[in-house]
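Asks: sequence? don't have it. structure:
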């Protein structure tokens, strides 16, 4: 059974494309042109002319083979190395708890910690609380929204007075908060003495603050 004419024609075209000798671009110049080559300045181009030209004119960084280029693109070794370097730099900038204790990062020096130096901080804290709470007179009956803000507030600079406590030695202590951690307030008193107050979780002591605050404004 003979093949269709269209199929035979397609195969011939494909064979012609594969064979460069049949392509006019690869055929030799006519003899008349070759005779005039010296006069018009024609010269035979070497087979590796394009590769040599690119190698001589392109920067050395890009004069690699296609396989080398693929290896550079798809290899993640350099990315892993770079990521590790960034990770090491990030870890080096952070201090763990033992390093913080060893370097005394958060240790307050009683000799240099003075009450008067924290008075401007207290003034800033009052402005901060006024903007955050936005209190109005008279106060509304429902103060749940205000209490939620008090739970999340920053108390650095707060003038704190211990009105009542399970530990009787805390009662009457008054000073500006110079350091606040999860379970500890550190105050500087007017006598320039540092006091450490261990407090309950905020969900407990804020209720005490609520019971003392609410009648005051009514």
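Replies: Received, thanks. Only a predicted model underlies this, so the values are computations on that prediction, with no experimental measurement involved.
Asks: okay, now residue 161: neighbour count?
Replies: The tally of other residues near residue 161 (other CB atoms under 10 Å) stands at 12. From N, CA and C alone the C-beta is placed, and that goes for glycine too.
Asks: local confidence estimate at the closest residue to it other than its chain neighbours?
Replies: With CB to CB, 6 or more residues apart in numbering as the criterion, residue 161 has its nearest non-adjacent residue at 4.5 Å, and that residue is residue 174. At residue 174, the pLDDT value in this model is 91.
Asks: same check, this time on residue 134
Replies: According to the prediction, residue 134 has pLDDT 81.
Asks: do the same with residue 115
Replies: pLDDT recorded at residue 115 is 92.
Asks: residues contacting it?
Replies: If you count contacts by CB atoms under 8 Å, 6 or more residues apart in numbering, residue 115 has them with 175-176, 188-192.
Asks: let's see that with 7 Å instead.
Replies: 176, 188-190, 192 (CB atoms under 7 Å, 6 or more residues apart in numbering).
Asks: if any of these are buried, give me the ChimeraX selection for them.
Replies: To isolate the buried ones among those in ChimeraX, judged by 16 or more other CB atoms under 10 Å, type:
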select :176,188
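Asks: tell me which of the contacts of residue 115 fall in strands.
Replies: 176, 188-189 (DSSP state E).
Asks: mind putting those residues in CSV, distance to residue 124 included?
Replies: CSV is the format used below for the ones in strands among the contacts of residue 115 (distance: CB to CB, whole Å):
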residue, distance to residue 124
176, 11
188, 15
189, 20
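Asks: please, where are all the strands along this structure?
Replies: Remark: strands assigned in the chain by DSSP E are 159-161, 174-180, 184-189, 194-198.
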